[in-house]
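A.B. asks: Using only what follows, build the 3D model:
(4 chains)
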2 protein chains.
Amino acid sequence: MLQRRDVHNSDIPALCHACEARHRGLCGALDPQQLIALSKTSSRREVPTGAELIGEAELVERYSNVLSGVVKLTKTLKDGRQQIVGLQFAPDFLGRPFKAESAMNAEAVTTVSLCSFPKATVERMMKESPELERRLLNQTLKQLDEARDWLVTLGRKTAAEKVASFLLLIARNIDPTGGSDTRSKAFDLPLTRSDIADFLGLTIETVSRQLTKLRTQGLIRIENNRHVVIHDIARLERRAGQ
Amino acid sequence: MLQRRDVHNSDIPALCHACEARHRGLCGALDPQQLIALSKTSSRREVPTGAELIGEAELVERYSNVLSGVVKLTKTLKDGRQQIVGLQFAPDFLGRPFKAESAMNAEAVTTVSLCSFPKATVERMMKESPELERRLLNQTLKQLDEARDWLVTLGRKTAAEKVASFLLLIARNIDPTGGSDTRSKAFDLPLTRSDIADFLGLTIETVSRQLTKLRTQGLIRIENNRHVVIHDIARLERRAGQ
DNA sequence: CGATAGTTTGACACAGCTCAATAGGCGTGG
DNA sequence: CCACGCCTATTGAGCTGTGTCAAACTATCG
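C.D. replies: Numbering: from 1, shown residues only, chains lettered A, B, ... in the order given. Predicted coordinates:
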């Protein structure tokens, strides 16, 4: 244990006090001393919609926790066709461990607040704390599960099912209503139609047509293009093909 | 360290002696004592083409290493549409850690030889050996990278590009020629046209048509339906859209 | 209110699907 | 060794869901 003990044992850094990552995120694996050590080199920042967090084939020196907002991970073919390969919500971890270069692009699709730390510090702590590594493994496994679910959506579902699946995915991850009503759900879409198309492997027009169809059939309501109300989740799930 | 030391330190279990998993697979993380302990509860077996290794929503009590052959991981929608969400080659690890129930189906697409161990033993060893957990994390990260690459293929590539991408994927993972010729490559397809279709999100007919197109254009040669020769890998890569 | 970016709607084209028939590979048994 | 049947793969013809291109509409913000 190389951990220095010259700091008071009990207190949690002010930076971390109200931080969600300390409860549900990776930082929950750290003890107070480790939190203090990490917080010395970590920095919180707020980035606006559209900000590029990591460029494709760019060197990555910092890892981040997403504290609020939504980040899209994209890959692009040479001729410009784009695919979103992951959406990160709070308190997800951002960055590919053990690789210097990023294989994809990360961009804020809403205002995003981040807490980021030097790669080296995190990797050292991972060696010292099996619990931290365990959490990272668990998050990676969860992301793999999600990616594989999405393979089914992209490979085998119709446009209508894709759009329904997307709405349910967002509803599951963004829940301002707190789940008081289990039947219906309301939220602001974090993505534009163009992002939704890139996520579903469709065009903007097809996404738009499918949303209108769901609207005219009374499954959802849309206000101001962004705010969505799902009237009956079970019914939408049936439309999503399971 | 709860590891018993009542066994001779030096020798490696006969079972593991020529095993590839000890070099490139997970077992490489284990010291001789751990190998001996694990080998006591592990068993090797050979399963024929078509054998179901894990059923969807089935309880999983054993993990396995793939020692040779190819395993497909599939998910199925209620109405029977199927999607292959992963292919496992030697020396990949089979099984979802920390989950009792499998979210997908695993089936041998060739004759497969496996070495499997009780879940509990592996999970105990993971707590004792950070190196083992590290390897598992690395394999999971690699699979996540692969799944995300495949999302691009399913979401944004044309049928022609999908088939070319598939041939390159197989060529990369099965290499009987040992890489003597860097320009061309030959191998037996482990999958039927129906499996290829399920992997690419296409129909059998479209796969077949795209293969004949590649054949008539002189990019590949096909013998007996299964044996494929890629004449010029770089040219096929261009057809795969990167 | 105009300007701008995002979204919806319409008309048409085409890639890939469906259905159907044919061809090829391979094991079994005469 | 050939004949038969079975299974898989190929090829063909027509259909349809989604893409393309273009125009109209709507929110938002100076």
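A.B. asks: going forward, measure contacts and count neighbours with C-alpha atoms only.
C.D. replies: Will do.
A.B. asks: ok, what's across the strand from the most centrally placed residue in chain A?
C.D. replies: In chain A, the centroid-proximal residue (C-alpha atoms, centre = their mean) is residue A:88; its distance is 1.0 Å. Residue A:88 has these beta-bridge partners by DSSP bridges: residue A:71.
A.B. asks: Tell me who's in contact with it.
C.D. replies: A:66, A:70-73, A:94 (C-alpha atoms under 8 Å, 6 or more residues apart in numbering or on different chains).
A.B. asks: again with residue A:14
C.D. replies: Neighbour list for residue A:14: empty [criterion: C-alpha under 8 Å, 6+ apart].
A.B. asks: returning to that earlier point: buried subset of the contacts of residue A:88?
C.D. replies: Those of the contacts of residue A:88 that meet the buried threshold are A:66, A:70-73, A:94, by 16 or more other C-alpha atoms under 10 Å in any protein chain shown.
A.B. asks: right, and the pair among these with maximum separation?
C.D. replies: Using C-alpha to C-alpha, the pair of these lying farthest apart is A:66 and A:73, separated by 12.9 Å.
A.B. asks: pLDDT of the longest helix along chain A, averaged?
C.D. replies: Scanning chain A for the helix with the most residues, using DSSP state H, yields helix A:130-156. Taken as a whole, helix A:130-156 has a mean pLDDT of 96.
A.B. asks: where does chain A have low pLDDT?
C.D. replies: Applying pLDDT under 70 to chain A picks out residues A:1-10, A:176-180.
A.B. asks: In this structure residue A:56 contacts residue A:103, no?
C.D. replies: Yes - contact criterion C-alpha atoms under 8 Å: residue A:56 and residue A:103 qualify, at 5.5 Å.
A.B. asks: list residues touching both of the two?
C.D. replies: residue A:75.
A.B. asks: list the helices and strands the helix or strand hosting residue A:215 packs on?
C.D. replies: According to DSSP states H and E, residue A:215 maps onto helix A:204-216. Of the remaining helices and strands, those touching helix A:204-216 by 3 or more C-alpha pairs under 8 Å, 6 or more residues apart in numbering or on different chains; DSSP states H and E are helix A:159-173, helix A:193-200, strand A:220-223.
A.B. asks: Most tightly packed of these?
C.D. replies: The highest mean neighbour count among these, using mean count of other C-alpha atoms under 10 Å in any protein chain shown, belongs to helix A:193-200: a mean of 22.
A.B. asks: Can you tell me which helices and strands that one packs against?
C.D. replies: Counting by 3+ C-alpha pairs under 8 Å, 6+ apart, helix A:193-200 packs on strand A:82-89, helix A:159-173, helix A:204-216.
A.B. asks: of all the ones you listed, which lies closest to DNA strand C?
C.D. replies: Judged by C-alpha to the nearest atom of the strand, the one of those that comes nearest to DNA strand C is helix A:204-216, at 3.6 Å.
A.B. asks: contact partners of that closest one?
C.D. replies: Here helix A:204-216 has contacts from A:159-160, A:163, A:193-194, A:196-197, A:220-222, using C-alpha under 8 Å, 6+ apart.
A.B. asks: residues near the spatially closest residue to residue A:115 that is not a sequence neighbour, how many?
C.D. replies: Leaving out its chain neighbours, the residue that sits closest to residue A:115 by C-alpha to C-alpha, 6 or more residues apart in numbering or on different chains is residue A:44, at 4.3 Å. Neighbourhood size, residue A:44 [other C-alpha atoms under 10 Å in any protein chain shown]: 16.
A.B. asks: Go through the strand or helix carrying residue A:44 and flag the buried ones.
C.D. replies: Using DSSP H and E, the element containing residue A:44 is strand A:43-47. Buried residues in strand A:43-47, counted by 16+ other C-alpha under 10 Å: A:44, A:47.
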